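K.L.:
Provided below are the primary sequence and the corresponding predicted coordinates.
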Amino acid sequence: MKTLRLILGDQLYHKHSWYRNDDDDTLYFIAEMRQETDYVKHHIQKVVAFFEAMEAFVEWLRDHGKKVVYYKLDGRNNSQKLGTNIAALVEERGIEKFEYQLPDEYRLDQQLRQLADDLSIPTEVYDTEHFLTTRDELAEFFEGKKSLLMESFYRHMRKKHDVLMTRDGKPEGGEWNFDQSNRKKWKGQPQIPHEKGFRKDVRKTVKRILESGVKTFGNIDPQDFSWPTTRADCLKVLRYFCEHLLVHFGDYQDAMDPDEVYLFHSRLSFAMNSKLLHPMEVIRAVIEHWEDNKSTISLNEVEGFVRQILGWREYMRGVYWKEMPGYARCNRLDNQRDLPEFYWTAETDMNCLHHAIRNSLDHAYAHHIQRLMITGNFALLLGVHPDQVDAWYLGIYIDAIEWVEMPNTRGMSQFADGGLVATKPYVSSGSYIHKMSNYCSG
C-alpha cells in the first residue's frame, strides 16, 4: 500500500517508531509553507531555524534510505497550503493511505482532521512519542479539583517517572521544590561561559525567505547563525550546558543583566520544541552529570532545571489542550489597549524594557523572567489586549509554538484566564526587578 506520511516542522524526532516501520512504498512529506510563516509575523531567526532544521532532517531521512518529498518555500509545486499540497500528492503519486502525527497546535489539529475527512483514502494518526504526558492527562489529573496547581502536577510527574526520587519514594534532598534557593542576583561573578554557538552560514535560507515575500522582524547575522538546528548540534548544546552552565543554573535562573544574553540558561528550548531532543533524554543527561559531580553541583541547580521541563512544560501543554479553543478568547480583565510600538523597536527610555526587548530582537530569545517580569509585566500593567501580547510572544521567540506560548502568555503573564494558571495577577513592582538585576541602577 502506497503510504504518505506527513512530518510537520516541529516533529523532527529522529527516534520516532515510524522510521523503524516503513518500506519502499512509504513516502515522507515535509514542506516550508507560507501558511506557517504568515499566520503571525515571526522573527527572522525563528523562520531560519525551523527551515534549517527541516532541511537537515530531510537529509538525515534520505541518508537512512527514506523516500522524501521536500517542498521548499519557493518550490514550483508548493501551493503554500498544507491541505492543498497533500491532496495534490495523493492524486499525483497514487497514494492509498495518509498518516500523520498528532500536531501540537489546535489550528493544525483541526485542519488535519478536516483534511482526513476530505481525502478518499484511509487515514491513521500517531502520537509524536515526544511528550511525557498524553494530551488529556492533566485534565484527568485535575478532574474534580477546584484549581490547577502546578506544584501538585509536578510532584505527580516526579513520582510517575521516578525523577529525583529516593528508593523509599521520597523527593531527593527531602524537598520537592528549591525555588527559594534560585533567586540570586548576578553581580559579575561567577564568570559566565560563552554560549555554545555554531557560526553557521544561512545566507541561502535568508535569501529564500526574503525573495518569497515573507514578512519578518528582528535581526540576524546570516554568516554567523548560532542556534542548534541538527540533532548533533543539540546534543553538543546539552553537553555544554551540563559541563559548563549547570553548576550555577539554579542559583541565577531568575537573574537579569543588560550585558548578558543567556547567563547560565541552557538554550535548549528550540531543540526540544522542534523535537530534535526528547525531554527525558535532557532530564537524564542533567541528572547523570549531577550524580557524577555532587561535590561541585548542588541539588537546587538540578531541581530548578528539571522542574521547568518535567513540571512546567508538560503542565502548560496540558492546560492548552484542556482549555482550547476557548482559551484563545480569554480576556477576563477586559484589557483593550494596543501593544506599544517600542515592543517592535526597543526604543524606550525604560531601561529594563529597552534591554529585554533589544535582546529579544537581536537573538530571538529572552529567558523566562525577562518575559514574565519585564515585557509581560508591563503589558499587563498597561492593560494591553491579550491577542496582541500573544501575537508578539508567538512571533518573537525562537522556541514559541502556540501550545507552550499561549498558556504562558495569556495565563501566567496576562491573567487573561482569570486565575486558571496563576493564583493572582503576576505583576511586580520595580523593587523585584531591582533585586534580580542591575537594570535600575544609574
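P.N.:
Right, received. Where do you want to start?

K.L.:
number of residues surrounding the residue lying closest to residue 357 once chain neighbours are set aside?
P.N.:
Here the nearest residue to residue 357 in space, its sequence neighbours aside, is residue 346; by CB to CB, 6 or more residues apart in numbering that works out to 4.1 Å. From N, CA and C alone the C-beta is placed, and that goes for glycine too. For residue 346, the tally of surrounding residues (other CB atoms under 10 Å) stands at 16.

K.L.:
show me where the stretch 101-250 of the chain has strands.
P.N.:
123-126, 216-217 (DSSP state E, counting those that start in this stretch).

K.L.:
just say which of those strands is most tucked in.
P.N.:
Each of these was given a mean neighbour count from mean count of other CB atoms under 10 Å, and the largest, a mean of 16, is that of strand 216-217.

K.L.:
sheet-wise, list the partners of that one with their directions.
P.N.:
Partner strands for strand 216-217, per DSSP bridges, with pairing direction: strand 42-43 (parallel).

K.L.:
could you pull up the mean pLDDT of the next helix or strand after the partner strand?
P.N.:
From strand 42-43 onward toward the C-terminus, using DSSP states H and E, the following helix or strand is helix 44-63. The average of the pLDDT scores along helix 44-63 is 98.

K.L.:
which neighbouring elements make contact with helix 44-63?
P.N.:
The helices and strands touching helix 44-63, judged by 3 or more CB pairs under 8 Å, 6 or more residues apart in numbering; DSSP states H and E, are strand 26-31, strand 67-71, helix 203-211, strand 216-217.

K.L.:
that helix to strand 26-31, inter-axis angle?
P.N.:
Taking axes from the mean of the first three to the mean of the last three CA atoms, to 10 degrees, one finds helix 44-63 and strand 26-31 inclined to each other by 160 degrees.

K.L.:
for helix 44-63, buried residues please.
P.N.:
Within helix 44-63, the residues that count as buried by 16 or more other CB atoms under 10 Å are 44-58, 60-61.

K.L.:
ok, back up a step: how about the strands of the stretch 101-250 of the chain in TSV, adding distance to residue 404?
P.N.:
What follows is these, written out as TSV (distance: least, CB to CB, whole Å):
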stretch	distance to residue 404
strand 123-126	21
strand 216-217	21
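
K.L.:
turn those into CSV, including distance to residue 414 and mean pLDDT.
P.N.:
Written out in CSV, the entries for the strands of the stretch 101-250 of the chain read as follows (distance: least, CB to CB, whole Å; pLDDT from 0 to 100):
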stretch, distance to residue 414, mean pLDDT
strand 123-126, 33, 98
strand 216-217, 21, 98
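
K.L.:
nearest to residue 324, out of the ones you listed?
P.N.:
The minimum distance between residue 324 and those falls on strand 123-126, with 17.5 Å, by CB to CB.

K.L.:
which residues sit against that closest one?
P.N.:
Taking CB atoms under 8 Å, 6 or more residues apart in numbering as the criterion, the residues outside strand 123-126 that touch it are 17-18, 97-102, 116.

K.L.:
which intervals of this protein have sub-threshold pLDDT?
P.N.:
Flagging of the chain using pLDDT under 70 yields the residue ranges 181-182.

K.L.:
three-state assignment of residue 35?
P.N.:
Secondary structure for residue 35, judged by DSSP: H, G, I helix; E, B strand; the rest coil, is helix.

K.L.:
that one contacts residue 79, correct?
P.N.:
No. Look at residue 35 against residue 79 with CB atoms under 8 Å: they stay out of range, at 9.1 Å.

K.L.:
hmm, back to that, nearest to residue 434, of the contacts of strand 123-126?
P.N.:
Closest to residue 434 out of the contacts of strand 123-126 is residue 102 (44.3 Å), distances taken as CB to CB.

K.L.:
neighbours of that closest one, how many?
P.N.:
Residue 102: 18 neighbours (other CB under 10 Å).

K.L.:
same thing with residue 41?
P.N.:
Counted with other CB under 10 Å, the neighbours of residue 41 add up to 17.

K.L.:
contacting residues for the closest residue to it other than its chain neighbours?
P.N.:
Nearest residue to residue 41 in three dimensions, chain neighbours excluded: residue 395, at 5.0 Å (CB to CB, 6+ apart). Contacts here follow CB under 8 Å, 6+ apart; on that basis residue 395 touches 40-43, 46, 217.

K.L.:
from those residues, which is closest to residue 305?
P.N.:
When the contacts of residue 395 are compared for distance to residue 305, the smallest value, 23.4 Å, is given by residue 46; criterion: CB to CB.

K.L.:
I'd like to know how many residues surround the residue nearest to the closest one when sequence neighbours are not counted.
P.N.:
With CB to CB, 6+ apart as the measure, residue 398 is the residue that lies nearest to residue 46, at 4.7 Å, once sequence neighbours are left out. Neighbourhood size, residue 398 [other CB under 10 Å]: 23.
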